[in-house]
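Visitor: model this:
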Amino acid sequence: MSLTRRHLLTQAVAAASTLSAGAPVWAQPSKTLRILVGFPPGGGTDAVARLLAEKLHAVLGQTVVVENRPGAGGQIAALALKNAPADGSVLFLTHDHTISILPQVVKNAGFEPARDFVAAGGFATFVNGLAVSPGTPARTFQEYVAWVKRQPGGQSAVGIPAPASTPEFLVRLLARRYQLDLVAAPYRGSAPMIGDMLGNQIPAGIGSVQDFIEHHRAGKLRMLAVLGGQRQAALPDVPTFAELGLAGFEDTPYYGFYAPAGTPDAALQRFAQALAQVVAQREVHGQLTAMGLSVGYMPPAQLAERERAYTRVWTRIIQDAGFTPQ
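Guide: All right, here's what the predicted structure looks like:
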């Protein structure tokens, strides 16, 4: 090899090393990254997606857009992901319901997570909780139980963001445990449910902490209890259901990104690296924590295992409840 060629090769290797160290390998991609969300704008999942999309744009150096595909507890968005190109340009930001619960409670969901999707990285866990509307007089969970029993026929409605979801199973468990005639009222996402709660159209609701937390802080809604093994750092005044004597719901749901099956490993790893970098940012960590999330990056393999473990837990709960897929 001539000296000139050797010199040029050395320069090229040095330049590549500098690029690798100083700029992300995924810079200047040719396609817009679309993030599908299975719930309407204004809800907790949508807020999380938009925060992460903004930060991912800065890290990836490409346009990142959030596409809301609400309906059927995330099923519509999941089907859109299944039919999307497997090239890393479309991802689905979702929580446990669509991936771990929905395929077990719908006769024909139209997708099988293990076959049709692949984990691209997780970033948080969270808990669900019970909140009451401003017109509901209860200040504690015990007062809420007593209030429901005083209603005509002992009946009361509880809003849930999607049918056959974790909140619905919690409504069933509360009804059985405390001998209440609770009726689960399903909505198309948390935003319309909370709208009705704020307007006293429904006395209570069960949903994720991030859906309720700002309204709780503002005194517009009152959270009475949360799931999980310990109190939430963002809600130290709200007891867990376990503290109240309702065990079995300590396992926490998760948030993650999924890609269509067949997406190249290189594309998944590029996104996972970007997500890890975003989640590590102090500002992002703080904002997600303030929303009521327990923040922690999960590589794709860890998210996949978290999903499998959570699905096993809920398979047992659903079977024990005697629920028949609809």
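
Visitor: now the strands for the stretch 101-250 of the chain?
Guide: With DSSP state E, counting those that start in this stretch as the criterion, the stretch 101-250 of the chain has strands at 117-125, 128-132, 155-160, 181-186, 204-208, 222-226.

Visitor: so what does the second one touch, helix or strand wise?
Guide: The elements that strand 128-132 packs onto, with contact taken as 3 or more Cβ pairs under 8 Å, 6 or more residues apart in numbering; DSSP states H and E, are helix 141-150, helix 166-178, strand 204-208, helix 209-217, strand 222-226. Every C-beta, even on glycine, is put in place using the N, C-alpha and C of the backbone.

Visitor: so which of the ones you listed gets nearest residue 278?
Guide: Closest approach to residue 278 among the helices and strands packed on strand 128-132 is made by helix 209-217 (17.3 Å; Cβ to Cβ).

Visitor: Remind me what that closest one packs against, helices and strands.
Guide: Checked by 3+ Cβ pairs under 8 Å, 6+ apart, helix 209-217 has helix 44-60, strand 128-132, helix 190-198, strand 222-226 packed alongside it.

Visitor: Comparing these, which comes out most buried?
Guide: strand 128-132 (a mean of 26; mean count of other Cβ atoms under 10 Å).

Visitor: which outside residues touch it?
Guide: Contacts with strand 128-132, where a contact means Cβ atoms under 8 Å, 6 or more residues apart in numbering, come from 138, 141, 144, 158, 166-167, 170, 174, 197, 203-209, 212, 215-216, 221-227, 235, 238, 253.

Visitor: Any idea how far apart the tips of stretch 174-188 sit?
Guide: Stretch 174-188 has its terminal residues 22 Å apart, counting by Cα to Cα, to the nearest Å.

Visitor: And that stretch, what's buried?
Guide: Using 16 or more other Cβ atoms under 10 Å as the test for burial, stretch 174-188 gives 174, 175, 178, 180, 182, 184, 185, 187, 188.

Visitor: now do stretch 142-150
Guide: Applying 16+ other Cβ under 10 Å to stretch 142-150 flags 144, 145, 147, 148 as buried.

Visitor: Residue 244 versus the closest residue to the second one other than its chain neighbours, what's the distance?
Guide: What that stands for is residue 145. Of all residues not flanking residue 145 in the chain, residue 178 sits nearest, at 5.1 Å (Cβ to Cβ, 6 or more residues apart in numbering). For residue 178, the distance to residue 244 equals 10 Å [Cβ to Cβ, to the nearest Å].

Visitor: Residue 65: what's it in contact with?
Guide: Counted by Cβ under 8 Å, 6+ apart, residue 65 has contacts 32, 33, 34, 35, 53.

Visitor: Tell me the buried residues within these.
Guide: 33, 34, 35, 53.

Visitor: tell me the two of those residues that are most distant?
Guide: Greatest spatial distance among the buried ones among the contacts of residue 65 (Cβ to Cβ): 34 and 53, at 9.7 Å.

Visitor: what about stretch 287-307, distance to the chain center?
Guide: Between the centre of stretch 287-307 and the centre of its chain there are 9 Å (Cα atoms, centre = their mean, to the nearest Å).

Visitor: Need the residues that contact that stretch.
Guide: Contacts of stretch 287-307 (Cβ under 8 Å, 6+ apart): 44, 47-48, 51, 96, 99-100, 113, 118-127, 208-210, 212-213, 232-235, 252, 254-256, 268-269, 272, 275-276, 279-280, 285.

Visitor: That one - what's its average pLDDT?
Guide: Mean pLDDT, stretch 287-307: 95.

Visitor: tell me how far the ends of that stretch are from each other?
Guide: 24 Å.

Visitor: shaky segments in the stretch 1-150 of the chain?
Guide: Confidence mapping of the stretch 1-150 of the chain against pLDDT under 70 gives the ranges 1-30.

Visitor: what residue is smack in the middle of this protein?
Guide: Centroid check for the chain by Cα atoms, centre = their mean gives residue 95 as the closest residue, at 2.9 Å.

Visitor: my guess is that one contacts residue 208, does it?
Guide: Yes: using Cβ atoms under 8 Å, residue 95 makes contact with residue 208 at a distance of 7.4 Å.

Visitor: overlap in contacts of the two?
Guide: 45, 126, 253.

Visitor: Out of those residues, flag the one nearest to residue 77.
Guide: When these are ranked by distance to residue 77 (Cβ to Cβ), residue 45 comes first, at 10.1 Å.

Visitor: quick one: contacts for the closest residue to that closest one other than its chain neighbours?
Guide: Of all residues not flanking residue 45 in the chain, residue 39 sits nearest, at 4.9 Å (Cβ to Cβ, 6+ apart). Counting by Cβ under 8 Å, 6+ apart, residue 39 touches 45, 46, 68, 70, 74, 161, 188, 189, 190, 191.

Visitor: ok, the fourth one to residue 188 distance?
Guide: It stands for residue 70. Residue 70 is 6 Å from residue 188, by Cβ to Cβ.

Visitor: returning to what we had before: out of the strands of the stretch 101-250 of the chain, the one nearest residue 309 is which?
Guide: Nearest of the strands of the stretch 101-250 of the chain to residue 309, taken as Cβ to Cβ: strand 117-125 at 11.8 Å.
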